[in-house]
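J.: Here is a sequence together with a model predicted from it:
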Amino acid sequence: MSRPKTSSARPARSSPTGLPSREVLLRDLGRAPDERPIFSLPSPLLPWLGLLLGVAVAALARGLTREGLWGATLWAALVLAVLVVLLFPRKLVVGEDGLLLVWVRARFIPYRDVAYVETSDGFYFRNPGINIVLRSGRAVDFATSIFKERWAERDALLSLIRCTIEAERARRPARAPDALVRGGRTYDAWARALRAIGSGAHEGMRTSPVPAEELLRVAESPDAPVVDRAAAFVALAASQDPEHVRRLRIAVDLTAAPDTKTALQAALAAEGDEASIAEALAFAETQTTGP
């Protein structure tokens, strides 16, 4: 994680709970509001498991080095492997839909599953950390740094997470217009209809136009069903409007849920290929559990 920056720009309006806006917090953490907010965290093996691994490798030193060159080589390889594992950072993505923790495996935590977020000061070593308490009663604790002087950075990241959760809970899922709904159509027919919405070809005596802002509201809503967002993506991409495409790319970057991100990326990357669009829509439909 980068050290928080001091900004001279006018601060945005605070949230009802007194927290600064997400944009201000991102700027203070050295991130732009429209970039994917990824933060580097220490390895989850630090400090205790790291110490145990270090002790184990040190205990093997005398025995292996007595075996000659191959033993010394094996011991050096073990030391290198332990260092690589300990220094391999964990990644945290603070999306608009949830938190994604990535190390050996990825774990996505939707904001709806979070009960509250609190500080964590480690144990004995007292390094800055954050504890995510889930509604299930379980908790996810992680260090933000191994350096004791980086409490301010931890507090800024904590505020960002709290502010994003608050914004997510205050939002209402955007309702998709009827024109985006599949109904009983095949995926190919659905893909053609969505592309016609984006190009304006569907407008006629019996069909009302769908405003681009209404489509963007659905596409950018992290709480809308995945299939509705993907359908809006297809329609907006067909408009070939550079501003629409730019906003869709930002919406993808700000999505943390891996399957949702994959569905939206596929809908955007399909462009005019109706077979690829149909495939992307079918995948998005499997990821939808409702608002």
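T.: Arrived safely.

J.: for this protein, what are the low-confidence residue spans?
T.: When residues are selected by pLDDT under 70, those of the chain lie in 1-18, 47-51, 122-125, 200-208, 289-291.

J.: Helices along that one, start to end?
T.: Along the chain, the segments classed as helices by DSSP state H run 22-28, 48-65, 69-87, 151-170, 187-199, 212-219, 226-238, 242-253, 258-269, 274-286.

J.: Deepest in the core, which of these is it.
T.: Ranked by mean neighbour count, these are led by helix 226-238 with a mean of 27 (mean count of other C-beta atoms under 10 Å). To be clear about C-beta, it is placed using only N, CA and C from the backbone, and glycine gets the same treatment.

J.: Return the distance of it from the chain's centre.
T.: Computed by C-alpha atoms, centre = their mean, to the nearest Å, the separation of helix 226-238 from the middle of its chain amounts to 19 Å.

J.: ok, now stretch 120-133?
T.: A distance of 22 Å separates the centroid of the chain from that of stretch 120-133, by C-alpha atoms, centre = their mean.

J.: How much space separates the residue nearest the centre of the chain from L264?
T.: Geometric centre of the chain, nearest residue: A256, 2.2 Å, by C-alpha atoms, centre = their mean. Distance, A256 to L264, by C-beta to C-beta, to the nearest Å: 12 Å.

J.: re the thing from before, out of the helices of the chain, which gets nearest to P110?
T.: helix 151-170 (9.0 Å; C-beta to C-beta).

J.: neighbouring contacts of the closest one?
T.: Helix 151-170 is contacted from outside by 1-4, 15-17, 19-22, 25-26, 28-29, 37, 39, 92, 94, 96-97, 99, 111-112, 114, 117, 119, 128-130, 132, 144-145, 222-223, using C-beta atoms under 8 Å, 6 or more residues apart in numbering.

J.: same check, this time on stretch 68-86
T.: Stretch 68-86 has contacts (C-beta under 8 Å, 6+ apart) with 43, 45-46, 50, 53-54, 57, 60-61, 63-65, 67.

J.: From the residues you listed, pick the one nearest R107.
T.: Among the contacts of stretch 68-86, S43 lies closest to R107 (C-beta to C-beta), at 15.0 Å.

J.: so that closest one touches K91, yeah?
T.: No - in this structure, S43 is not within contact of K91 by C-beta atoms under 8 Å, at 11.1 Å.

J.: so how far is L41 from the nearest residue to A174 once chain neighbours are set aside?
T.: Excluding the flanking residues, the one nearest A174 by C-beta to C-beta, 6 or more residues apart in numbering is S221, at 3.9 Å. According to C-beta to C-beta, S221 stands 28 Å off from L41.

J.: re the thing from before, S43 and K91: which has the busier surroundings?
T.: For S43 versus K91, the count of surrounding residues by other C-beta atoms under 10 Å is larger for S43: 18 against 13.

J.: related to what we said a few turns ago, could you pick out which of the contacts of helix 151-170 are located in strands?
T.: Judged by DSSP state E, strands contain the following of these: F39, L92, V94, L99, V114, V117, T119, G129, I130, I132.

J.: So among these, which ones count as buried?
T.: Listed as buried from the ones in strands among the contacts of helix 151-170 are F39, L92, V94, L99, V114, V117, G129, I130, I132; burial here means 16 or more other C-beta atoms under 10 Å.

J.: How about the contacts made by the third one?
T.: Okay, so that is V94. P37, F39, L157, L160, I161, T164, A256.

J.: Now render the residues you listed as JSON lines, adding distance to E279.
T.: Below are the contacts of V94 laid out as JSON lines (distance: C-beta to C-beta, whole Å):
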{"residue": "P37", "distance to E279": "30"}
{"residue": "F39", "distance to E279": "33"}
{"residue": "L157", "distance to E279": "38"}
{"residue": "L160", "distance to E279": "36"}
{"residue": "I161", "distance to E279": "35"}
{"residue": "T164", "distance to E279": "32"}
{"residue": "A256", "distance to E279": "23"}
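
J.: Can you say which two of the residues you listed are spatially most distant?
T.: By the measure C-beta to C-beta, L157 and A256 form the most distant pair in the contacts of V94, at 14.6 Å.

J.: hang on, the earlier thing: measure the residue nearest to the centre of the chain to R36 for me?
T.: Per C-beta to C-beta, A256 is found 9 Å from R36.

J.: list the residues that contact both of these two?
T.: Listed as contacting both A256 and R36 by C-beta under 8 Å, 6+ apart are V93, G95.
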